[in-house]
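Asks: fold the following for me, if possible:
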Amino acid sequence: MAVCKTCGSVVHQGDSFCPVCGQGLFNPEDALICSACETPNAPGTRFCKHCGAVLLRKPKTVQCPVCGSENAEDALYCTACGSEMPGDFEKEFEVESIERLQAVLPLIHSYAEKFNGEFDKLSEEELKNSTYVCPVCGKRNSISDEKCRRCGRDKNRSLYLASKQRIPSFEDAVEVPDVPHTPVVEPVFPVKADKKPEFINGKKSADSTPVRGGGQAGYAGGYAYSGDGFMQNSPIVQPLAIVPYVTQEQPLWQYASKADYERMRRNNAKK
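Replies: Now for the predicted structure:
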């Protein structure tokens with residue numbers, strides 16, 4: 001079990017993004033860079049999470065033992081220095097007997113049950129009702145996940161793009177198996193607190209009791225703490241502005257003043 005270093009939520013093996021806050025859990029070196037908008041995407045993603053462009057896979061390469069240049073996996077000679085590339089191009093596989101395979105079959109089944117995904121034992125109808133496949137990366141997620149565990153795509157955003165036929169719908173999405181990797185998380189260490197507890201044996205300590213400090217006439221004084229030696233100012237009441245929710249396809253709504261409403265009412269009455 002691993003924990004997201006941003007929000008502290010539990011993430012599962014194979015997750016590239018936190019299902020709660022969307023924070024990436026993969027190594028930056030393994031990210032697929034979109035050629036259209038240069039946005040980093042999780043390994044195994046087919047479409048860019050930002051612009052929806054098709055992502056090109058990184059070709060597998062091998063390093064030349066002489067000059068260190070990167071070459072194609074099936075290259076016979078180095079493209080930089082011309083040295084012969086090592087590799088077994090004609091592999092011979094040993095044929096094992098069926099009896100040996102049957103002897104280790106229970107062990108293989110036990111490992112398969114241990115490393116199976118959380119949705120592997122569900123029936124086809126249960127998968128359809130309790131999960132959904134992300135149309136961007138092909139990751140199967142729980143129906144309650146607001147963000148994809150692999151690419152971090154918001155589920156509502158995917159529904160909107162699917163309605164615009166920008167990406168495939170959830171029904172047409174093809175599941176892509178997870179690529180085994182370990183999420184990159186930061187270790188959690190206990191931190192020693194130097195601050196004294198506020199309550200000791202059910203009684204409030206003297207250091208946490210605020211003491212009224214002197215102030216000028218007409219002004220509210222701060223709260224002085226005897227043990228800490230600092231002054232805390234009185235709270236300031238800030239105005240609260242409430243902006244209504246708007247979508248990307250409609251202009252921002254603003255509240256009109258009372259005078260504007262009266263003017264509009266009189267104009268409508270004249271008509």
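Asks: tell me, how many neighbours does Cys51 end up with?
Replies: 12 (other Cβ atoms under 10 Å). For the C-beta atoms, the positions are set from N, CA and C on the backbone; glycine is no exception.
Asks: now do Asp260
Replies: That count, for Asp260 with other Cβ under 10 Å as the rule, works out to 10.
Asks: so what does the strand or helix carrying it touch, helix or strand wise?
Replies: Using DSSP states H and E, Asp260 falls within helix 258-270. For helix 258-270, there is no helix or strand it packs on, judged by 3 or more Cβ pairs under 8 Å, 6 or more residues apart in numbering; DSSP states H and E.
Asks: flag every buried residue along that helix.
Replies: By neighbour count, with 16 or more other Cβ atoms under 10 Å as the criterion, helix 258-270 contains no buried position.
Asks: any regions of the stretch 101-250 of the chain where pLDDT drops low?
Replies: 109-124, 127, 179-239, 241-250 (pLDDT under 70).
Asks: still on that earlier bit, what would the helix holding Asp260 look like as CSV? C-alpha coordinates only.
Replies: Below are the C-alpha coordinates for helix 258-270, written out as CSV (Å, rounded to 0.1, in the frame of the first residue of the first chain):
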residue,chain,number,x,y,z
LYS,A,258,-30.4,47.5,-6.8
ALA,A,259,-30.5,50.7,-8.9
ASP,A,260,-29.9,48.7,-12.1
TYR,A,261,-32.8,46.4,-11.3
GLU,A,262,-35.1,49.3,-10.7
ARG,A,263,-34.1,50.9,-14.0
MET,A,264,-34.7,47.6,-15.9
ARG,A,265,-38.1,47.2,-14.1
ARG,A,266,-39.2,50.7,-15.2
ASN,A,267,-38.0,50.2,-18.8
ASN,A,268,-40.0,46.9,-18.9
ALA,A,269,-43.1,48.6,-17.5
LYS,A,270,-42.9,51.3,-20.2
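Asks: Glu84: neighbouring residues, count only.
Replies: By other Cβ under 10 Å, the residues close to Glu84 number 12.
Asks: swap in Gly152?
Replies: Using other Cβ under 10 Å, Gly152 has 24 neighbouring residues.
Asks: nearest residue to it in space, please, no chain neighbours.
Replies: Phe17 (3.5 Å; Cβ to Cβ, 6 or more residues apart in numbering).
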